[in-house]
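**Q** let me see the structure of the following:
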Amino acid sequence: MMLHYEMTDLGFLTYFLGIQIQQHEDSIFLSQEKYAKNLLTKFGLKDCNPAIIPMTLNVKLEELKGEEKTDAESCRRIICSLMYLTKTRPDLECPVNKIARYVSNPSKQHFDAAKCILCYIQGTTSFGFIYPKGGNGKINEFCDADWGGDIDKRTSTGTYLFLLDQKPISWSFHKQQTIVLSTTEVEYMTLSNANCEAIWLK
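**A** Below you'll find the model as predicted:
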């Protein structure tokens with residue numbers, strides 16, 4: 001292409017839109033370590049104690065109903081920044097998706113949940129994906145659903161994960177728009193969404 005167009009060869013790709021790429025002879029490693037550290041510095045949690053899990057167990061988030069209000073603008077900035085970090089961090093997909101549902105009117109509970117995720121990131125900034133060379137190209141699909149998990153609207157949540165040679169390549173955690181009447185129904189809807197993604201991948 002350099003014979004026909006004016007361009008510069010910058011070598012192997014190492015950084016693109018906040019994603020770090022480390023290319024080795026036998027593998028490629030993707031991460032957002034620099035982006036994650038910048039988030040902690042930006043929101044004043046650079047020296048916070050790391051959390052073991054991204055969200056407190058047994059805590060059900062719900063809409064603001066008389067609870068203590070918070071700095072909505074700061075909360076929105078944290079949530080929006082966290083959403084981009086899920087590009088290489090499927091372990092954050094569930095907690096970030098849950099707090100993002102309340103971004104229009106966040107309460108102190110939602111702000112605390114967002115800061116808890118940042119504290120978890122403090123101890124996991126180097127997390128990422130390793131994609132080795134070779135493999136048989138086998139794709140595995142996993143999906144699950146949470147029936148009526150939304151306290152306010154009683155909607156369900158579906159999630160799926162696709163692995164190529166046991167390495168994640170596609171994942172989703174989304175709230176379903178239809179209110180279903182049984183766990184069987186919500187499982188079928190989640191499986192249907194996952195199959196649509198499988199057709200695109202294959």
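
**Q** other SSEs contacting the lengthiest helix in the chain?
**A** Ranked by residue count, the top helix of the chain under DSSP state H comes out as helix 183-201. Applying 3 or more Cβ pairs under 8 Å, 6 or more residues apart in numbering; DSSP states H and E, we find helix 183-201 packed against strand 139-146, strand 157-164, strand 167-175. The way it works is simple: take the backbone N, C-alpha and C, and place the C-beta from them, glycine included.

**Q** now distance to Lys133, mean pLDDT and mean neighbour count too, for the ones you listed, in JSON lines please.
**A** As requested, these are exported to JSON lines (distance: least, Cβ to Cβ, whole Å; pLDDT from 0 to 100; neighbours: other Cβ atoms under 10 Å):
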{"stretch": "strand 139-146", "distance to Lys133": "17", "mean pLDDT": "83", "mean neighbour count": "15"}
{"stretch": "strand 157-164", "distance to Lys133": "13", "mean pLDDT": "84", "mean neighbour count": "19"}
{"stretch": "strand 167-175", "distance to Lys133": "12", "mean pLDDT": "83", "mean neighbour count": "16"}
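
**Q** looking at those, which is closest to Ala36?
**A** In terms of Cβ to Cβ, the element of the helices and strands packed on helix 183-201 nearest to Ala36 is strand 167-175, at 17.6 Å.

**Q** domain ranges for the chain?
**A** Residue ranges for each domain of the chain read 34-128, 136-202, as given by automatic domain parsing.

**Q** compare those and say which comes out lowest on pLDDT.
**A** With a mean of 79, domain 136-202 has the lowest mean pLDDT of the domains of the chain.

**Q** find the nearest non-adjacent residue to Arg76, please.
**A** Distance criterion Cβ to Cβ, 6 or more residues apart in numbering; nearest residue to Arg76, sequence neighbours excluded, is Val103 at 5.4 Å.

**Q** sec struct for that neighbour, please.
**A** Following DSSP: H, G, I helix; E, B strand; the rest coil, the label given to Val103 is coil.

**Q** so what does it have for phi and psi?
**A** Main-chain dihedrals, Val103, degrees, to the nearest 10: phi -70, psi -30.

**Q** surely it is in contact with Ser74?
**A** No: assessed by Cβ atoms under 8 Å, Val103 is found out of contact with Ser74, at 11.8 Å.
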